[in-house]
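J.: one predicted model, sequence on top.
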Number of protein chains: 2
Amino acid sequence: MYVGGYGTGGRVLYDNVAPWVAPSDPMNYLIFSTGPVTGTATPIAGRYTVVTKSPMTGFFGDASSGGFWGAELKFSGYDMVVIVGRAPKPTLLVIRDGGAELKSAELYWGMNAREADQAIRSDLGDRAIKVAVIGQAGERLVRYAAIMNDNAERTAARCGVGAVMGSKMLKAVAVRGHGKVHVADPERLNTLAKEITQTVKTNPLCQHFSKVGTAGDFAFLFSLGDTPAYNWSKGDFGGEGDPGVEKLDISKVLVGTRTCYICPYLCRRVVKVNGREVEGPEYEAVAALGSNCGIDDIDVVCKMNDLCNLYGLDVISTGCTLAFAMECYERGIITSEDTDGIDLKFGNAEAAIEMIHRIAKREGFGNVLAEGTRAASMLIGRGSEKYAIHVKGLEIAMHDPRAIQAMGPHYACTPTGGRHTEGLTLGFEIGRLKSDLPLPPIKDRFQTEGKGLLAKIVEDWRAFQNASGWCAFSDRGAYGGQLKFLNVFAAVTGWQLKLNEALLIGERIFNLKKCFNVKHGCPASEDRLPERLLTEKGKAGTVCKLHETLPEYYRVRGWDPKLSKPTKEKLEELGLHDIANDLYQR
Amino acid sequence: MYVGGYGTGGRVLYDNVAPWVAPSDPMNYLIFSTGPVTGTATPIAGRYTVVTKSPMTGFFGDASSGGFWGAELKFSGYDMVVIVGRAPKPTLLVIRDGGAELKSAELYWGMNAREADQAIRSDLGDRAIKVAVIGQAGERLVRYAAIMNDNAERTAARCGVGAVMGSKMLKAVAVRGHGKVHVADPERLNTLAKEITQTVKTNPLCQHFSKVGTAGDFAFLFSLGDTPAYNWSKGDFGGEGDPGVEKLDISKVLVGTRTCYICPYLCRRVVKVNGREVEGPEYEAVAALGSNCGIDDIDVVCKMNDLCNLYGLDVISTGCTLAFAMECYERGIITSEDTDGIDLKFGNAEAAIEMIHRIAKREGFGNVLAEGTRAASMLIGRGSEKYAIHVKGLEIAMHDPRAIQAMGPHYACTPTGGRHTEGLTLGFEIGRLKSDLPLPPIKDRFQTEGKGLLAKIVEDWRAFQNASGWCAFSDRGAYGGQLKFLNVFAAVTGWQLKLNEALLIGERIFNLKKCFNVKHGCPASEDRLPERLLTEKGKAGTVCKLHETLPEYYRVRGWDPKLSKPTKEKLEELGLHDIANDLYQR
């Protein structure tokens, strides 16, 4: 029914977390969930997903991370870890080969994520144990705090999952296992894995991705008008005294690459910060902390990115909240009296770095920005709401729906707010991603017809793919098309799905998340985009034409357009009979 | 439309606090609201009401308090104070004659409510300024923290309003004014006020109430089976080694009486605790801290009550959460390992007092009980939910619906959970309260027919009465009947209402609160009572027959019984057109 990841985790959340439970309540659930392919020989699948009621949105929240933690959890004998309650004191959960133990984490409380990760491994006498940990931001319930893993280098960042972990006084979950994940057909899986690895080594799209990682596409995406700058206000980035895009080229500072569990890409970048080799920024970080804040210095962005990793902060929400504050400052809505004397202009790198410290420590104006863009704009008032760029309280990811029209209904309607990992249509709209999906004809990224349907199909596929445990980048040519995913899924589970069956599962999972929101009071009016994206042209030359794509989206989704609620018929079609009864009480 | 109090305050809450706002979020509103009769010459009307999204229930919350603070706010020139946001540091709001000023409260943070009240008055150099303040429980977000006023002697206790104040880092609101509240017909009001005062001095029911206060009715109510004992498990209280009711007689320790603003009753009791004259426990406190915890010593109850006042805790929720824990302890669901070694048996006064300290300080097991009965039972698990006596997360007030059948649908359906002040039917069901209300024929308190309608009418009247600013005890004979209330209302406002018009306003306000809950995702399944009250006979010899009264209640309310949602027609009838559009999106 729900496969794994935020599918099975989402069902646990739906069944156990009632509308009256606030995200930071002990009664909220914090769920670490893996998928069936996690920890097997399946390549490009080293993910785990955290599911919880989100402090950013107040509705369904999830975040996913790579590295090795997810696979290690499987080796330890578990598919899923569910945390409920609140410890009286800072606590560490240690899971080793089927056993689970709660220990004091008082020694680690107050440490940054990397210090804590290292101290925990050292104290447990096991350098290879994998640690998922919060930094000081999570401890202080910064609303967009992240969970870090693998020496604070990978992160389940979005939706404020780290703040929920902090509210439970849970500093870290350390996992180690020596078990093996049994699969239905190991031979078939190995054959398929070899094919996939071979494809990555030869396919030009894959090779490009291996070479540049996500951040290496910054200039290309910027040229499409896909990348926001100056709080989504300008397409331009560059000009006198503002040299722009080429100054954000990560290749200039690259010192190495890294991998996640069984992945031939090695898309992770290594850079130096303060003389130390650390994880480099992804594209999202370069855009959010760089161009969107008017900062055009890749060294500064690497430093900001590392700071966010140490404190345990979502880089997208951090950058966008800063960008929002910068625009308020430049417009005189806030002054240096509000910002603790900090000159919070666009492009002021020193100010941005100082403000990240204050956010993580909830000091001064950082205490306002620690609430995220939506809440900060409400606290600031004075018309600042106009410049608050978010959907459902979550800052929008760094892909401009004015440049890719299917992202309009996706951002407006995806249950977790301004997310891209649940249905990024970019590759399909620019013709870069070939697929077996039954997509409508796509002329170009600006056309609006068919984009509601495109968004829906991509979302349904991604839901299946994410819930199974795959990394989203497995789509970038490595598997050739969806049918190979289904073959790998069959080799792992013994269950040979047809594409329409996999899409139905994905649709069920997507609707499950949606139903959580409906139950928790999310109104149709929250299916919106910030006015700026609907009325001010982006660099790509157009506005986001949501009014043209949204009706189609609701229609193909089977959602009542007035209520933004799945119809009873749709829920029955998806086999969600009990949820249909729950939401319709008939 | 909404008169005042939780009517006007409730509308502000409905319009400004979205479903995604958690109670402790800075975006939650904390509203101090008065009514039109507050601060006038109207007798028995010295109330103010606090309105907020409740941390106890997750839905609509309000609490009301007497004393002088409400009248003083009117004298200062304000009807309502709306707090939104979160201060970076402990803060004091001072309102004086039209001016409002935020000051540091760092000196007072950590003080108990009485210390803080006295220190604030002393530091402001104004002994007569009126202070509403939280104790350490509110500072620490104990979920059922109260707001105290008038030297920590009166309290807006229910629904966790003090925790919301604590989440805003607002230690206190001090108010002083020298203005006068203008009324439409001062002469008529004075004449009516004299009549009412005269009635209180001569009417036997009033005289009885003046003489004994609420706590003096303990033995009488206990004899009706109205008073819970041992976590609602036994009707009996007394027997060998458990001498019972007479040991909870407040008259034995009474040393004086006190009044609220313009009130001839003087129903407030004064007792001695640690040699000091303090506010005595009300009936609710004697039952919740006394009989419901198996404690039969009025001195101990006075001490527990005073402790709750100092820490700023709701006595009903405190007592009932303790009683729940005691039953878990006696049943072996929890042991002394859970309770920090405390022998938490029914009747162990020392243990109860120690646990109140721990709750207020969130120490040890107190950190679990600080979450209230519902959350504590979820955290404890092990089947303890069966003994968690609450509705919608709020501990039920000390009137047993097994002894008064109309309280069944009232408790189950009133939007703020287990409340009695929104519609106590006791006086009508035992024939003690005469009224002009169009009540159905009442044979006795055990009959179920007509009790849905009775509950509705009493709720509607109370909503009008509470929103106007009256104390609920104004009903106890002083005004003779509803028509005199309407005459006083007319003298104050210039608006001569007919009884059906006043009831329509009350019904509108009651439905406004209900609509807030519907919008925030409160399902029909939350209109329930604890299984114990439906299946175990109380002292009065019966169970609560909710299945007989609830259908009638829904019918006369005009609420869809499957969804527990006001029909569109009902909302239109009440003039709530915009809310009808909001909830039905048509």
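T.: Right, received. Where do you want to start? The structure presented is a predicted model; accordingly, all values stated were derived computationally and were not measured. Residues are numbered from 1 along each chain as shown, chains lettered A, B, ... in the order given.

J.: tell me how many other residues crowd the one residue in the stretch 401-550 of chain A that gets nearest to chain B.
T.: Chain B sits closest to A:Gly521 of the stretch 401-550 of chain A, with a gap of 3.1 Å, by Cβ to the nearest Cβ. Placement of C-beta: from N, CA and C, glycine included. As a burial measure, A:Gly521 scores 19 neighbours (other Cβ atoms under 10 Å in any protein chain shown).

J.: what does A:His178 give?
T.: A:His178, neighbours per other Cβ under 10 Å, totals 9.

J.: secondary structure of it: a strand, I assume?
T.: No: assessed with DSSP: H, G, I helix; E, B strand; the rest coil, A:His178 is coil; it does not lie in a strand.

J.: quick check: it touching A:Phe75?
T.: Yes: using Cβ atoms under 8 Å, A:His178 is in contact with A:Phe75, at 6.4 Å.

J.: quick check: pLDDT value at A:Lys130.
T.: A:Lys130 is assigned a predicted lDDT (pLDDT) of 98.

J.: now stretch A:276-290: buried residues?
T.: Using 16 or more other Cβ atoms under 10 Å in any protein chain shown as the test for burial, stretch A:276-290 gives A:278-290.

J.: what parts of chain A come near chain B?
T.: A:18-27, A:55, A:57-59, A:84-86, A:88, A:364, A:367, A:371, A:375, A:378-379, A:392-393, A:519-524, A:526, A:562-563, A:582, A:585-586 (Cβ under 8 Å from any Cβ of the partner chain).

J.: what about whatever residue of the stretch 201-350 of chain A ends up closest to chain B, how many residues nearby?
T.: Chain B sits closest to A:Asp340 of the stretch 201-350 of chain A, with a gap of 10.1 Å, by Cβ to the nearest Cβ. Using other Cβ under 10 Å, A:Asp340 is surrounded by 14 other residues.

J.: what residues are up against the closest residue in space to it that isn't next to it in sequence?
T.: Using Cβ to Cβ, 6 or more residues apart in numbering or on different chains and skipping the chain neighbours, the partner closest in space to A:Asp340 is A:Gly364 (3.9 Å). Neighbouring residues of A:Gly364 by Cβ atoms under 8 Å, 6 or more residues apart in numbering or on different chains: A:Thr339, A:Asp340, A:Arg358, B:Pro88.

J.: mind listing the helices for the stretch 201-350 of chain A?
T.: A:204-212, A:218-223, A:283-285, A:298-311, A:315-330, A:349-361 (DSSP state H, counting those that start in this stretch).

J.: alpha carbons only: can I get the longest one in CSV?
T.: Coordinates of each C-alpha in helix A:315-330 appear next as CSV, following Å, rounded to 0.1, in the frame of the first residue of the first chain:
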residue,chain,number,x,y,z
VAL,A,315,20.1,26.1,3.8
ILE,A,316,17.1,26.9,1.6
SER,A,317,15.0,28.2,4.4
THR,A,318,18.0,30.0,6.0
GLY,A,319,19.0,31.7,2.7
CYS,A,320,15.4,32.6,1.8
THR,A,321,14.6,34.0,5.3
LEU,A,322,17.8,36.1,5.1
ALA,A,323,16.9,37.3,1.6
PHE,A,324,13.4,38.2,2.9
ALA,A,325,15.0,40.2,5.7
MET,A,326,17.4,41.9,3.3
GLU,A,327,14.6,43.1,1.1
CYS,A,328,12.7,44.4,4.1
TYR,A,329,15.9,46.2,5.2
GLU,A,330,16.6,47.7,1.8
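
J.: who does that helix touch, helix- and strand-wise?
T.: helix A:283-285, helix A:298-311, helix A:349-361, helix A:366-369, helix A:372-380, strand A:394-395 (3 or more Cβ pairs under 8 Å, 6 or more residues apart in numbering or on different chains; DSSP states H and E).

J.: in a markdown table, list these along with distance to B:Asp400 and mean pLDDT.
T.: Shown next, in a markdown table, are the helices and strands packed on helix A:315-330 (distance: least, Cβ to Cβ, whole Å; pLDDT from 0 to 100):
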| stretch | distance to B:Asp400 | mean pLDDT |
| --- | --- | --- |
| helix A:283-285 | 58 | 98 |
| helix A:298-311 | 53 | 98 |
| helix A:349-361 | 51 | 98 |
| helix A:366-369 | 46 | 96 |
| helix A:372-380 | 43 | 95 |
| strand A:394-395 | 47 | 98 |
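
J.: possible to save these as JSON lines with distance to B:Ala137?
T.: What follows is the helices and strands packed on helix A:315-330, written out as JSON lines (distance: least, Cβ to Cβ, whole Å):
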{"stretch": "helix A:283-285", "distance to B:Ala137": "42"}
{"stretch": "helix A:298-311", "distance to B:Ala137": "31"}
{"stretch": "helix A:349-361", "distance to B:Ala137": "26"}
{"stretch": "helix A:366-369", "distance to B:Ala137": "23"}
{"stretch": "helix A:372-380", "distance to B:Ala137": "25"}
{"stretch": "strand A:394-395", "distance to B:Ala137": "33"}
